[in-house]
Structure formats: C-alpha cells, structure tokens
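>>> how would this look folded up:
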Amino acid sequence: MKTRSAALALTLSLALGLAVPAQARTADYPALQAEKLALQAKNPFMRLAIAEALEGIRQGHGGPFGCVVVKDGKVIAQGHNKVLKMRNPILHGEIDAIEASCRRLGTHDLSGCEIYTTGEPCPMCLAACLWAKISKVHYGCTIADNARIGFRDEAMDRLLGGRKGLAGYLVPKDRDACLSLFEFYLSLNPTRY
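Residues are numbered from 1 along each chain as shown. Model (predicted):
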C-alpha cells in the first residue's frame, strides 16, 4: 500500500504540475503510468468530478470532493470543496456545483439533473440535492470511506437516522477511481477540518 500511495502521489503531482519529491526516481515511471490508468474512472462525468476535486486539492481549497451536475447528457456546472479557501464549513463540492447550476439555468429547480460526486454526499449536501430536485446522485466513495480520511459524515448520518429510504436515488459509481483520489489526498498530510 505504501508503494502504491507513493506512486499515486508522484503520478498526480506530475499531472497537476506540483513539485515532485527529490526521492522520486525515473525507475518509477512504469508504476506511475499504471497508477495513472488506475485513477481513470469509467464514467466520463465521474472523470470530470475527479478532475474538479484534483483542481481544488491543487489550489488548497479543501477536501477531495469534486462534483458535476448533468442534464440530458450535458454538463451544466462543476464544483469542488472550498471549505478552507472560503473559511466556510458549508461550501462543499455539491453546494458549489448546485449553486453554479442554478445560476447557469436561471432557476432553483434542477429537476431532470443528475449529480456525479467523488464522495457520497454528507447529510447537508444530500438535503441540498433533494431541495434542488436533483433526480439522481452518483457517488464514488462511500460515507465510510469519507470517515477513513477524517470526515464526520458517518456520525451525522447516525444522528439523523441513516439512508435506508434512499436506495435508487443514491447510486454508487467508480469507487476504485475515487478511492485513489482519497489516497492521494491523504498522502499530502492535509489540514483536517
């Protein structure tokens, strides 16, 4: 796992134009290419969500949460976590993308839109999706995965009664690609919030 995480961190550092650690060797190049391929999600909208999350990480905006809103097969808007940048605990990726979608479409009603997000929405973002009338939520990592990288969604979910009634609305998608994103995020020793 340590070698995989190091290779993944190096691959993503190169892809994002970040400084590459001195200990990185050219012998790692084949492993880097394999990691780059492993990072690729099968779904094109999830690939965009991952790219959006990586951009937010690169800029130091917040956690590894990127989001894309789609309607009729077309991207309406993208967003990522900006909690640290804006010093605002509610500026999650889904909130950012929903707000941008509403502005772009000129409405508060996002009926017919679907959302693709790298992590299963926290209770606040799930409620925002429901209020916005998002038709379906496709997510990569689970609430349990979010907890493994230091987020408290699981405890809030228990407090609010869980998600049993949401089968069919919350749809898992490309978890492995999103887990690679989360591993990269952890390798950066991020600020916990």
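>>> Report the helix or strand with the lowest average pLDDT across the chain.
Least confident element among the helices and strands of the chain, by mean pLDDT, DSSP states H and E: helix 29-39 (a mean of 44).
>>> where does the chain have low pLDDT?
Within the chain, the segments meeting pLDDT under 70 span 1-39.
>>> Can you say which helix or strand has Asn189 in it?
Assigned by DSSP states H and E, Asn189 belongs to neither a helix nor a strand.
>>> And it, its phi and psi?
The phi/psi pair for Asn189 (degrees, to the nearest 10) reads phi 50, psi 60.
>>> before we move on, what about Gly66?
phi -120, psi 160.
>>> Could you pull up the residues touching it?
Residues in contact with Gly66 (CB atoms under 8 Å, 6 or more residues apart in numbering) are 48-56, 78-81, 93, 117-118. Yep, even glycine has a C-beta here, placed from its N, CA and C like the rest.
>>> ditto for Val70
Taking CB under 8 Å, 6+ apart as the definition, contacts of Val70 comprise 45, 76, 113-116.
>>> any idea how far Glu183 is from it?
Using CB to CB, to the nearest Å, we find Val70 at a distance of 26 Å from Glu183.
>>> Buried ones among the contacts of Gly66?
48-54, 56, 78-81, 93, 117-118 (16 or more other CB atoms under 10 Å).
>>> what ranges do the strands span in the chain?
Applying DSSP state E to the chain gives strands spanning 66-71, 74-80, 113-119, 136-141, 170-172.
>>> if I pick Cys67, what's in contact with it?
49, 52, 78-80, 93-94, 96-97, 115-118.
>>> one more time with 7 Å
By CB atoms under 7 Å, 6 or more residues apart in numbering, the contact list for Cys67 reads 49, 52, 78-80, 93-94, 96-97, 115-117.
>>> from these, which is closest to Ile134?
Ile115 (5.2 Å; CB to CB).
>>> how much space between the closest one and Tyr185?
Distance, Ile115 to Tyr185, using CB to CB: 20 Å.
>>> out of the two, which sits in the more crowded spot?
Neighbours were counted for Ile115 and for Tyr185 using other CB atoms under 10 Å; Ile115 has more, 30 against 23.
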